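Peer 1: What follows is a predicted protein model with its sequence.
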Amino acid sequence: MSTDSPVPTESVPPRDEGLLRFYSSEAEALLAQYRRIDFLLGRSSHDHLHTGTLCEVLLRDYFRRVLLPWMGVDKGFIYGRTADDHGAESSPEIDILIHDQQTYRPIFRMDDFVIVQPESVLGIIQVKKRLNTLGRSNPLREGLCNVVTAKRHVLTQLRRRHASHSLLERRCGRIVGAVIGFDGRTLARTYWRYLNREFMNHSEFIQQFVHNVQGNVYAMPHFVGSLSGHFCLRSRFNRDQLTYRCFPSSFEGHNVSAQMLADISASLIWGSPLDRDSSPPFQYPEGFRHESEHIVRNEESAD
């Protein structure tokens, strides 16, 4: 059995130059705002809290503009304690938590902070200033770990709360998982190495939820990358492996990274092609395609 993730670049509507420039300028505006604050504080500053918070705020605001009003976009946690779930008692904190606030009321809300029911989760996105792997911190590794652990937490809680098969089916393949950085020139081979490693870290999560697919496949992210370098998209998957494709964030002068993440999110959340007809009309440059491809498998070494 082979399943395709929605990859908007495979079939795009007729190109609209105005929309293409608009979405590219939105990504560049996000980067420009981030760099203004980074410049004021200085890259050598030991207190990166303010610029990190700014990145989260900028992207949450962006998602609120491109998604529908019933899709909550907040920061917070997913409810549920799991004593034996990969050593975690609760979900990690999620920078951008997309949730269905029309059908499911958050358990707790204070301004932009929420604790939501696992049934309501639509997207799990971790935001980093820079996606790099050098030095003391490793934002790429940390972001991947949080996203995979959080989605694993959701799936386990749904099973324990006796979610219906139809809900499990919707959530297994359609909860958006992403790690996005503002800066970073990470190469494709580095992304492949860390995706392999995170997949192997959860190799024991082989419980089959729907369609005979293992849990660690469903838990892997759909998007990993930078607004100013390269990003990877999950393309195809089957019961025990996934295919990722690496794209340039900018192509022929157009930055496509932010709209691609929003497009993937809309495609997954909307679900059927009929519903996606009402999603935002994203646009891509002619000839835009992936530069490389990689298969993540259970048996591959994480080194």
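Peer 2: Received, thanks.
Peer 1: just the helices in this protein please.
Peer 2: Assigned by DSSP state H, the helices in the chain fall at 17-41, 49-66, 139-160, 165-174, 188-201, 215-219, 257-270, 273-276.
Peer 1: Flag the shaky bits of the stretch 151-300 of the chain, pLDDT-wise.
Peer 2: 271-280, 299-300 (pLDDT under 70).
Peer 1: Mind putting the helices of the chain into CSV with mean neighbour count and distance to I94?
Peer 2: All C-beta atoms are positioned from the backbone trio N, CA, C, and that covers glycine. Converted to CSV, those look like this (neighbours: other CB atoms under 10 Å; distance: least, CB to CB, whole Å):
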stretch, mean neighbour count, distance to I94
helix 17-41, 16, 19
helix 49-66, 17, 10
helix 139-160, 22, 6
helix 165-174, 16, 15
helix 188-201, 19, 16
helix 215-219, 24, 14
helix 257-270, 24, 14
helix 273-276, 12, 25
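Peer 1: out of those, which comes closest to G80?
Peer 2: helix 139-160 (4.0 Å; CB to CB).
Peer 1: So for D112, which of the helices of the chain sits nearest?
Peer 2: With CB to CB as the criterion, D112 lies closest to helix 49-66 of those, at 7.1 Å.
Peer 1: mean confidence score for that closest one?
Peer 2: For helix 49-66, mean pLDDT is 85.
Peer 1: could you check the angle helix 17-41 makes with that helix?
Peer 2: 160 degrees (axes from the mean of the first three to the mean of the last three CA atoms, to 10 degrees).
Peer 1: Now do the same contact list for L19.
Peer 2: By CB atoms under 8 Å, 6 or more residues apart in numbering, the contact set of L19 is P281, F282, Q283.
Peer 1: Pull up the gap between the closest residue to the second one other than its chain neighbours and V217, please.
Peer 2: This means F282. Counting by CB to CB, 6 or more residues apart in numbering, F282 lies nearest to D263, which is 4.4 Å off, once chain neighbours are set aside. Using CB to CB, to the nearest Å, we find D263 at a distance of 22 Å from V217.
Peer 1: ok, now which ones touch N255?
Peer 2: Each residue near N255 by CB under 8 Å, 6+ apart is listed here: S24, A27, E28, L31, L227, S228, S249.
Peer 1: Can you name the two of those that sit furthest apart?
Peer 2: Using CB to CB, the two most remote members of the contacts of N255 are S24 and S228, lying 12.6 Å apart.
Peer 1: Please convert the contacts of N255 to TSV, extending it with distance to T190.
Peer 2: Below are those laid out as TSV (distance: CB to CB, whole Å):
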residue	distance to T190
S24	25
A27	22
E28	24
L31	21
L227	17
S228	15
S249	15
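Peer 1: between those, which is closest to E119?
Peer 2: Proximity of the contacts of N255 to E119 (CB to CB) peaks at L227, which lies at 31.2 Å.
Peer 1: Test my guess that that closest one contacts L131.
Peer 2: No. If you go by CB atoms under 8 Å, L227 and L131 don't touch, sitting 9.5 Å apart.
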